[in-house]
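Novice: pasting a predicted model and its sequence here:
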Amino acid sequence: MIIAVDTLFLSKRFRHTGTGVYLNNLLSGCLKIARAAEGNYEFHGFMAPNDDWANNGFVSPFLRVHKAQVLAQKRLWLLGGMAIHTARVRPDLVFLPTAHHSLPVRSAAIVTTILDAISKRLPRSHVGNAALLNVMTWLNARLANKIITISEWSKQDLIEIYGLHSKKVEVVYLGYDKGLYNDIPPDIEDSAALLARFGIRSPFVLHHGMVQLRKNLVRLIQAWDRMIESCKDFDAQLVLAGPMGHGHDEIMSAREASPNREQIILTGALPEAELATLIKNASVCVIPSLYEGFCLPVVEAMACGVPTVASNASCIPEVSGGALEYFDPLSVEEMAQTIRCALEDSDLRDRLRDRGLAQAAQFSWERCARETLRVFAKTVAENG
């Protein structure tokens with residue numbers, strides 16, 4: 001099977017985005033399966049002349065990398081450059097890891113990944129102007145042979161929004177880095193240095209992920225204030241770890257308006273190894289999101305053996321397997337009570353830890369790659 005992969009998101013500009021991380025791990029996993037002689041696969045990727053992604057762990061006899069000058073211009077690549085380059089390798093299947101494209105020529109089967117329906121399910125104030133993305137997603141959803149999405153919740157949203165047949169949409173769960181996110185105790189000296197750098201002390205509650213409106217962090221700050229108001233001797237910190245995203249000004253304003261702002265710490269973006277160390281040192285992790293397509297942070301927290309409480313919205317109960325304590329993300333009071341119970345009840349924390357570890361163990365990039373290749377083979381067979 002000849003598979004042409006749109007590798008734009010492996011380039012220097014995009015490799016650390018969510019789509020870049022997804023494609024990096026997925027393609028690596030597919031190449032490992034190919035090496036194990038579990039199928040007849042030939043992958044083709046594309047790289048701008050001044051890029052280097054093919055040298056970062058992708059050297060494989062099952063991958064051919066083609067130079068593509070047009071990749072230096074994202075818009076040209078998305079609006080036709082990719083279609084021209086993929087047609088030249090005469091593939092059986094074209095894989096698009098995101099639905100940002102005009103579709104390639106129809107001589108090959110097409111599989112595209114649509115991670116979620118956030119831009120359709122949340123108000124524009126929470127996601128920004130996504131007009132072009134919505135148009136391209138609609139085209140991809142209607143014209144691709146198969147769609148991969150990352151939770152049953154997202155599948156039902158895509159079916160409802162775009163009027164798709166259920167057989168057209170396949171669910172393939174994401175994986176995570178088990179070398180970093182695990183229940184191995186963190187290094188004591190590394191932990192002390194990291195916490196000291198940000199003025200963090202135990203106990204602390206952690207939220208990790210982009211600091212943006214759909215993560216519901218304004219209500220989390222309000223819930224934190226409610227907890228301290230109801231218990232004056234409450235002595236813990238709230239740590240928000242992650243880069244600034246859409247609407248972060250509103251979140252920063254909520255923090256500045258809080259009478260407890262000195263107990264609310266923002267770290268900014270962290271290297272993965274430091275983030276894993278921070279998670280492992282947390283007393284409780286909290287995931288208050290309004291909508292997620294998969295919610296990798298909840299899996300990472302569970303995999304580290306950290307007691308986790310979460311919103312009951314969208315796919316979060318599905319991905320966490322009902323293993324956590326949940327709250328209504330629109331209820332500040334319920335959120336505050338759930339976090340406080342997790343902090344104060346050691347038996348509950350033990351249960352959350354054990355159930356979370358068992359649930360996280362189900363996910364892996366190897367499983368993601370194997371199930372994705374199954375979708376590829378099924379699509380080519382159906383396309384005749």
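Specialist: Received it, and whenever you're ready, just let me know what you need.
Novice: in whatever helix or strand Leu195 lives in, which residues are buried?
Specialist: Secondary structure assignment for Leu195, by DSSP states H and E: helix 188-198. Neighbour-count burial for helix 188-198, counted by 16 or more other Cβ atoms under 10 Å, picks out 191, 194-195, 198. Every residue, glycine included, has its C-beta placed from N, CA and C.
Novice: with stretch 52-71 instead?
Specialist: Those would be 53-54, 58, 60, 62-63, 65-66, 68, 70-71, for stretch 52-71 by 16+ other Cβ under 10 Å.
Novice: turn those into JSON lines, including distance to Ile114.
Specialist: What follows is these, written out as JSON lines (distance: Cβ to Cβ, whole Å):
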{"residue": "Trp53", "distance to Ile114": "23"}
{"residue": "Ala54", "distance to Ile114": "26"}
{"residue": "Phe58", "distance to Ile114": "25"}
{"residue": "Ser60", "distance to Ile114": "27"}
{"residue": "Phe62", "distance to Ile114": "26"}
{"residue": "Leu63", "distance to Ile114": "25"}
{"residue": "Val65", "distance to Ile114": "26"}
{"residue": "His66", "distance to Ile114": "26"}
{"residue": "Ala68", "distance to Ile114": "24"}
{"residue": "Val70", "distance to Ile114": "24"}
{"residue": "Leu71", "distance to Ile114": "22"}
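Novice: how about the strands in this structure?
Specialist: Here the chain has its strands, by DSSP state E, at 2-5, 42-47, 63-67, 93-96, 109-113, 146-149, 169-171, 204-208, 237-241, 264-268, 284-287, 308-311, 325-327.
Novice: mean neighbour count, these: which tops it?
Specialist: Highest mean neighbour count of the strands of the chain: strand 308-311, a mean of 28 (counted as mean count of other Cβ atoms under 10 Å).
Novice: just checking, what packs against that strand?
Specialist: The contact analysis (3 or more Cβ pairs under 8 Å, 6 or more residues apart in numbering; DSSP states H and E) places strand 308-311 against strand 284-287, helix 296-303, strand 325-327, helix 332-344, helix 346-360.
Novice: the ones you listed: which one's closest to Asn145?
Specialist: helix 296-303 (27.0 Å; Cβ to Cβ).
Novice: picking that back up, how about the strands of the chain in a markdown table, adding mean pLDDT and distance to Ala377?
Specialist: Below are the strands of the chain laid out as a markdown table (pLDDT from 0 to 100; distance: least, Cβ to Cβ, whole Å):
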| stretch | mean pLDDT | distance to Ala377 |
| --- | --- | --- |
| strand 2-5 | 95 | 10 |
| strand 42-47 | 95 | 13 |
| strand 63-67 | 95 | 18 |
| strand 93-96 | 94 | 9 |
| strand 109-113 | 94 | 10 |
| strand 146-149 | 96 | 11 |
| strand 169-171 | 98 | 12 |
| strand 204-208 | 98 | 36 |
| strand 237-241 | 97 | 40 |
| strand 264-268 | 97 | 43 |
| strand 284-287 | 98 | 35 |
| strand 308-311 | 98 | 35 |
| strand 325-327 | 98 | 37 |
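Novice: nearest to Asn383 among the ones you listed would be which one?
Specialist: For these, distance to Asn383 was read as Cβ to Cβ. The smallest value, 3.9 Å, belongs to strand 109-113.
Novice: between the strands of the chain, which one is nearest to Cys368?
Specialist: Counting by Cβ to Cβ, Cys368 lies closest to strand 146-149 out of the strands of the chain; the figure is 9.7 Å.
Novice: list the contacts of that closest one.
Specialist: Here strand 146-149 makes contact (Cβ atoms under 8 Å, 6 or more residues apart in numbering) with 109-116, 140-141, 155, 158, 164, 168-172, 293, 372, 375, 378-379.
Novice: ok, it: who's next to it in the sheet?
Specialist: Strand 146-149 pairs in its sheet with strand 109-113 (parallel), strand 169-171 (parallel), by DSSP bridges.
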